[in-house]
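> sequence isn't available, so here's the structure alone:
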């Protein structure tokens, strides 16, 4: 995952982008960056690390302008390198552009090879740079036409914000796999962001979600409005994993409260695991809390925050190596022994990808004296690698693709293991949308 933001028509655009990226830090922690247009030039600052580590008060003296785009990086394509931090800036025939991207282009290798064969020289390993080259090589007269032509050649799940010196172009793919929302700032300007939690921090009013297949164009010649073009026919397939894990619980994605969906997931899981008896329901903080509350309400089993999280440690799933994930679990989570000792404990986690985190949690709770540990996973079994923006690149890394449910239970040392069914997830999502469930059912609908 990544976070992207675009700010248009605000004299403090870089500050607004900064706070929006801060609100969406959970979507990527490897690098961050902001590009600002001051009518004459685009200025970019980016670096490895968190938003608060890369930017300081002097940054905003450099990043002056009323139009900005920003990005928090989580690498699913490319490498953990400063060269692969975004925004990507380029000079070309029509002037200057800067691009931010959330998603994954599944035909990136073929497109890149074609461009290299034609003489293109790449500075990064990111799929996003393909789009820069496609735009630059186009013979169309206007940037809008060049962008449209470039998008005809790429395939995948994507949200782009492309900024020139006077315009911003916002694009969401026809499937709407990755989230993107539009808001209005108190200053009268506009903001586009991956999640609505960014709007709350900068006091923006939610307008609507960017529609699948839509392009929005913000132009300084008409600053009080924007143009909407439906580039592609919609084939709506929003990612269910946003509701399970990635999004902040206070965000609303495609009209649905993430917090409420997670609560309903807990209800659905409790209905499927009603045979399990326990003394308490304990969430793995923080992403398991809402589902655990729903489970507790549905089952009548008391909810306890018996695992404490150190919030100064990042999200382990996003860490690029297994060694770093293992260390961070120990640094991040700590049990309250007085609560757990001698008790039958239901432990509710949002999902199970590689399984090593769950194994460490079970061991930690047993060492704290738990009598029984029943692992509840608020998602179906992840059996297939996602190609659309989630970091599960190979089958060998997915526990459920290589072991049976009983083998996983034995591996983690739990007394029982329950996954939410796909039918239970659909029920919790609460409508008839055709969600992207690729990690669970292997339906690679884009390719």
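Cool, the structure landed. Because the structure is predicted, anything quoted here is derived from the model rather than measured.
> in stretch 28-41, what counts as buried?
28-37 (16 or more other Cβ atoms under 10 Å). Quick note: C-beta positions are derived from backbone N, CA and C, even for glycine.
> equivalent analysis for stretch 256-272, please.
So, applying 16+ other Cβ under 10 Å, buried residues of stretch 256-272: 256-270, 272.
> which pair of those residues spans the longest distance?
Farthest apart among the buried residues of stretch 256-272 by Cβ to Cβ are 257 and 272. That separation is 22.4 Å.
> quick revisit: so which of the buried residues of stretch 28-41 is the closest to residue 296?
residue 29 (30.4 Å).
> quick check: the closest one vs residue 346, distance?
30 Å (Cβ to Cβ, to the nearest Å).
> so for the longest strand belonging to the chain, what's the average pLDDT?
Scanning the chain for the strand with the most residues, using DSSP state E, yields strand 95-105. Strand 95-105 carries an average pLDDT of 96.
> helices or strands next to it in the packing?
Judged by 3 or more Cβ pairs under 8 Å, 6 or more residues apart in numbering; DSSP states H and E, the packing partners of strand 95-105 are strand 3-8, strand 42-48, strand 67-73, strand 88-92, helix 128-137, strand 156-163.
> residue 197 - how many residues pack around it?
21 (other Cβ atoms under 10 Å).
> could you pull up the residues touching it?
23-24, 247-248, 250-251 (Cβ atoms under 8 Å, 6 or more residues apart in numbering).
> distance from stretch 377-388 to the middle of the chain?
Chain-centre distance of stretch 377-388: 15 Å, with Cα atoms, centre = their mean, to the nearest Å.
> what's the domain layout of this protein?
According to automatic domain parsing, the chain comprises the domains 3-236, 258-441.
> would CSV of those domains with distance to residue 447 be doable?
Formatted as CSV, the domains of the chain follow (distance: least, Cβ to Cβ, whole Å):
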stretch, distance to residue 447
domain 3-236, 6
domain 258-441, 8
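> and the gap between residue 115 and residue 105?
13 Å.
> the two: who's more crowded?
For residue 115 versus residue 105, neighbours defined as other Cβ under 10 Å are more numerous around residue 105 (26 against 20).
> mean pLDDT for the domains of the chain: which is lowest?
Between the domains of the chain, the one with the least mean pLDDT is domain 258-441; it has a mean of 90.
> what is the neighbour count of the residue nearest to residue 136 when sequence neighbours are not counted?
Nearest residue to residue 136, sequence neighbours excluded (Cβ to Cβ, 6 or more residues apart in numbering): residue 92, at 4.0 Å. Residues within reach of residue 92, counting by other Cβ under 10 Å, total 15.
> residue 301: which of the buried residues of stretch 28-41 is nearest?
Closest to residue 301, out of all of those and judged by Cβ to Cβ, is residue 29, at 34.0 Å.
> ok, that closest one touching residue 50?
Yes. At 6.1 Å, residue 29 counts as touching residue 50 under the criterion of Cβ atoms under 8 Å.
> which of the buried residues of stretch 256-272 sits closest to residue 294?
Using Cβ to Cβ, the buried residues of stretch 256-272 come closest to residue 294 at residue 266, 2.5 Å.
> circling back to that earlier point, for the longest strand of the chain, the distance to its chain's centre please.
Averaging C-alpha positions (Cα atoms, centre = their mean) puts strand 95-105 16 Å from its chain's average.
> now the helix or strand following it against strand 156-163, angle please.
Under the assignment DSSP states H and E, the closest C-terminal helix or strand after strand 95-105 is helix 108-117. Helix 108-117 and strand 156-163 are oriented at 50 degrees to each other (axes from the mean of the first three to the mean of the last three Cα atoms, to 10 degrees).
> before we move on, back to that, overlap of the contact sets of residue 115 and residue 105?
With Cβ under 8 Å, 6+ apart as the test, residue 115 and residue 105 both reach residue 130.
> tell me how many other residues crowd residue 203.
12.
> for it, give me its contacts.
185-186.
> what about 7 Å?
When contacts are counted by Cβ atoms under 7 Å, 6 or more residues apart in numbering, residue 203 is found next to residue 186.
> what do you get for residue 149?
138, 140.
> list the buried residues in whichever helix or strand it is part of.
Taking DSSP H and E as the criterion, residue 149 maps to helix 143-151. For helix 143-151, burial by neighbour count (16+ other Cβ under 10 Å) applies to 143-144, 146-148, 150-151.
> okay, the angle between it and strand 95-105?
Using the same axes, to 10 degrees: helix 143-151 against strand 95-105 is 30 degrees.
> could you give the angle of helix 143-151 to strand 88-92?
In terms of direction (the same axes, to 10 degrees), helix 143-151 departs from strand 88-92 by 120 degrees.
> helix 143-151: how far from the chain's middle?
Centre-to-centre, helix 143-151 and its host chain are 26 Å apart (Cα atoms, centre = their mean).
> repeat that for stretch 426-445.
Taking Cα atoms, centre = their mean, one finds stretch 426-445 lying 17 Å from the centre of the chain it belongs to.
> which residues touch it?
177, 236-241, 243, 261, 264-265, 268, 380-384, 386-388, 390, 392, 422.
> got a quick PyMOL command for the buried subset of those?
Restricted to buried positions by 16+ other Cβ under 10 Å, the PyMOL selection for the contacts of stretch 426-445 reads:
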select buried, resi 177+236+237+238+239+240+241+243+261+264+265+268+380+381+382+384+386+387+388+390+392+422
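> that older thread, quick one: common contacting residues for residue 29 and residue 50?
By Cβ under 7 Å, 6+ apart, no residue touches both residue 29 and residue 50.
> what sits against the residue sitting furthest away from the middle of the chain?
Computed with Cα atoms, centre = their mean, the residue of the chain farthest from its C-alpha average is residue 342, at 38.2 Å. Residue 342 is in contact with 369, 371, counting by Cβ under 7 Å, 6+ apart.
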